[in-house]
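Enquirer: Mind folding the following:
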Amino acid sequence: MKTAIVTGGSGGLGRACAKALIEDGFRVGLFDMDTGSLNEAAAETGAEAFVVDVTDEPAVLAAMEQFGAVPDLVVNNAGIGRFAPLLDMPIETFRLQLDVNLVGAFIVARAAARGMVERRSGVILNVTSINAITTGPGSGSYPASKAGLAKLTEMMALEWSALGLRVNAIAPGFIDAGLSTPFFADPAVRSLREQAVPSKRLGLSEDIANTVCFLASDKASYINGHQLVVDGGVSVSLLTQLPREAKS
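Expert: Numbering: from 1, shown residues only. The predicted structure follows:
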């Protein structure tokens, strides 16, 4: 049986990934700090729960050892969003977001990769964001953390591919799950964002989970060092927001 670790496992995206991977035959361990939600996610999906702070390397190594297997797959989904104008954002908040979203992903990936390298096989998927590609005002250090993770993905692929690993990133767009759930609770915001997406709908947690399953599979065996954008086309729709001179 193949095994997988999914960080940020208590949230909507983590749960959807766990459920889809278990349906694909994986044994799944969920890493998260929210004990109550984590246990609910484990009960809901059939995954195993591990209370762990991804920014704490000794804790991550201990959880990996408790899991009892070098995972075949790591999904670095843990992340936080602390949004504020840069002039107002406390430096502690700026650093915390980088620590969780970027450094935490590195800690978990490297902890797994060392065992994967010995086995000469493994897949690491880092969840970034369309904010790694284009950003908006008031986003604070979130875009920097996700853009950094996109580049870290490339570095991991560059250094670890010859050792048997594949490393890719997934950049979700407007997904009605996880950090965005409270945001889309406002009907006006929800409608505005839906209309901004060429596909005319918000993404679902299952859209990301299906992408995880594809990139983890042998069908994606020649995809490496790539950031796959899953956003319904919104990141390529800039010119649709601008007037075009009418043809005579």
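Enquirer: For A171, give me the pLDDT.
Expert: A171 is assigned a pLDDT of 97 by the prediction.
Enquirer: looking at this, it is in a strand?
Expert: Yes - judged by DSSP: H, G, I helix; E, B strand; the rest coil, A171 forms part of a strand.
Enquirer: Test for you: state the pLDDT assigned to the residue sitting nearest the centre point of the chain.
Expert: Nearest residue to the geometric centre of the chain (C-alpha atoms, centre = their mean): V127, 2.1 Å. Note for V127: predicted pLDDT of 98.
Enquirer: Report the buried residues of the helix or strand bottoming out on mean pLDDT in the chain.
Expert: Least confident helix or strand, the chain: helix 187-196 with a mean of 83, by mean pLDDT, DSSP states H and E. For helix 187-196, the neighbour count (16 or more other C-beta atoms under 10 Å) marks 190, 193-194, 196 as buried. (C-beta placed from N, C-alpha, C; glycine too.)
Enquirer: try stretch 33-40
Expert: Buried residues in stretch 33-40, counting neighbours by 16+ other C-beta under 10 Å, are found at 33, 37-38.
Enquirer: ok, the residues you listed vs K2, which is closest?
Expert: L38 (21.8 Å; C-beta to C-beta).
Enquirer: all helices of the chain, in order?
Expert: For the chain, the helices defined by DSSP state H cover 12-23, 35-45, 57-67, 91-98, 104-119, 142-160, 187-196, 205-216.
Enquirer: what mean pLDDT does the second one have?
Expert: What it means is helix 35-45. Mean predicted lDDT for helix 35-45 stands at 97.
Enquirer: ok, residues contacting it?
Expert: Residues outside helix 35-45 that contact it (C-beta atoms under 8 Å, 6 or more residues apart in numbering): 9-11, 14-15, 18-19, 22, 28, 30, 32, 47-51.
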